[in-house]
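Student: please find the sequence and the predicted model below.
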Amino acid sequence: RPQSFNRENVAAAIPRDVPDKSVLFTANRYVSNGRVPDITHIVYVDPDRYNELGDHAALQEVGRTVSRLNALLPKRQFVLIGPGRWGSRGDIRLGVNVTYSDINNTAVLVEIARKRGNYVPDLSFGTHFFQDLVEAGIRYLPLYPDEPGAVFDERFLRESENELASLAPEFAHLGAVVRVIDVPKACPGMVLRVLMNADEDRAVGLLVPAGRPPDMPSEEARPGGAPREGHWRWRLRMAERIAGQVDAARFGVVAMYVFGSAKNASAGPGSDIDLLVHVRGTEEQRKALAIWLEGWSLCLDEMNFLRTGIRSGGLLDVHLVTDEDIAARSSYAVKIGNVTDAAWEIPIRR
């Protein structure tokens, strides 16, 4: 059932010719509209392993594990996939015992109805957190993996490397039940994208190359006119333009990265562009680079003013890191290759 309606909840176009190996799951019942781009992490509570837990305390500990991961993983860049009814209170074998504050950073809440004999368990359809999910823009999706034609790549979810012990070592003993999959690590260069179409009552979770989703609706559609490029898209494109024009040899630049709202597709009209620049050169080279980037920052600020009417005095927020910073994992260097919310490297001019 559709949970709300706005421009971000339009029906997603679902491609028909996707290779089977790229499909993680499909749904064809109770699907609402929407699309969720660039999911980097999956938290998967294995229905069979959850059902095998021996006592009430162990079941409750799964809920605490999910709560901890909800606090650690990048907001709106992970999905929660679990058995039955998320938020169960009485018989918590029916679903993981969590409150809304334990799952409020997820992008999608997925409930799995696995058939046991001739019985298919009832799902909550998000009703335990319905109003909260609507207000936060969190998608809900039910999966029925045992239905004819349904796709559910359980092998990928069970056999991909589990990051639980590195993220929350205090819950490492639950690794057979709770699995955390770093999608770009498990499938280099890939992310998970979820497309949902209520008109067709279809949804699909796809593994696709990381980057700008070509089918995202614009955030700046104007009544009576053609939609303009959205805030985050424009900022990401400008970051790519800067990296493509930087003279690496002149400025001592090794690599450039984008992070923050431009990378996470959450930039607003007043957001800056967060750049991380790996430098290896002289102090004079760094000063020259700073002057060059300041020129870009002021020009982009003027462009943004003409687009939005907002002026900030400079649109770039630049952080320089050295080999020593990266080796020590200090300051913003920690975002390079990080497990959660890692900065994206953008190609530079060579």
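Tutor: Yes, it's here.

Student: which regions of the stretch 101-250 of the chain sit below the pLDDT cut-off?
Tutor: By pLDDT under 70, the low-scoring segments of the stretch 101-250 of the chain are 115-128, 211-229.

Student: one more time with 50, if that's ok
Tutor: Where the stretch 101-250 of the chain drops to pLDDT under 50, the residues are 212-228.

Student: can you pull out the strands in it?
Tutor: Applying DSSP state E, counting those that start in this stretch to the stretch 101-250 of the chain gives strands spanning 108-112, 139-143, 178-182, 190-197, 202-209.

Student: got a list of what residue 61 touches?
Tutor: Going by CB atoms under 8 Å, 6 or more residues apart in numbering, residue 61 touches 171, 174. Where C-beta positions appear, they are placed from N, C-alpha and C, glycine not excepted.

Student: wait, is it part of a helix?
Tutor: Yes - assessed by DSSP: H, G, I helix; E, B strand; the rest coil, residue 61 belongs to a helix.

Student: hang on, the earlier thing: to residue 72, which of the strands of the stretch 101-250 of the chain lies closest?
Tutor: Nearest to residue 72, of all the strands of the stretch 101-250 of the chain, is strand 178-182, at 9.2 Å by CB to CB.

Student: can you give me how far the closest one is from the chain middle?
Tutor: Computed by CA atoms, centre = their mean, to the nearest Å, the chain-centroid distance of strand 178-182 equals 14 Å.

Student: contacts for it, please.
Tutor: Defining contact as CB under 8 Å, 6+ apart, one finds that strand 178-182 is touched by 40-46, 62, 65-66, 69, 73, 156-158, 160-164, 167, 171, 339.

Student: one more pass at 7 Å, please.
Tutor: Outside of strand 178-182, the residues within contact range by CB atoms under 7 Å, 6 or more residues apart in numbering are 40-46, 62, 65, 69, 157, 160, 162-164, 167, 171, 339.

Student: for stretch 88-99, same thing?
Tutor: With contact meaning CB under 7 Å, 6+ apart, stretch 88-99 is reached by 45, 51, 59-60, 62-63, 66-67, 82-87, 121, 124.

Student: the same query, at a cut-off of 8 Å, please.
Tutor: Contacts for stretch 88-99 (CB under 8 Å, 6+ apart): 45, 50-51, 56, 59-60, 62-63, 66-67, 82-87, 111, 121, 124, 128.

Student: give me the mean pLDDT for that stretch.
Tutor: Mean pLDDT, computed over stretch 88-99, is 82.

Student: may I see the buried residues of that stretch?
Tutor: By 16 or more other CB atoms under 10 Å, the buried positions in stretch 88-99 come out as 88, 92-98.

Student: next, work out how far apart the residue of the chain positioned farthest from its centre and residue 64 are.
Tutor: No residue in the chain sits farther from the centre than residue 284, which is 38.6 Å out by CA atoms, centre = their mean. Residue 284 sits 53 Å away from residue 64, going by CB to CB, to the nearest Å.

Student: identify the residue nearest the residue nearest to the spatial centre of the chain in space, chain neighbours excluded?
Tutor: Centroid-nearest residue in the chain, with CA atoms, centre = their mean: residue 77, separated by 2.1 Å. Closest residue in space to residue 77, ignoring its immediate chain neighbours: residue 40 at 4.8 Å, by CB to CB, 6 or more residues apart in numbering.

Student: ok, that neighbour touching residue 183?
Tutor: Yes - in this structure, residue 40 is within contact of residue 183 by CB atoms under 8 Å, at 5.6 Å.

Student: shared neighbours, those two?
Tutor: Common contacts of residue 40 and residue 183 (CB under 8 Å, 6+ apart): 191-192.

Student: pLDDT value on the residue nearest to residue 77, please?
Tutor: Note on residue 40: pLDDT of 91.
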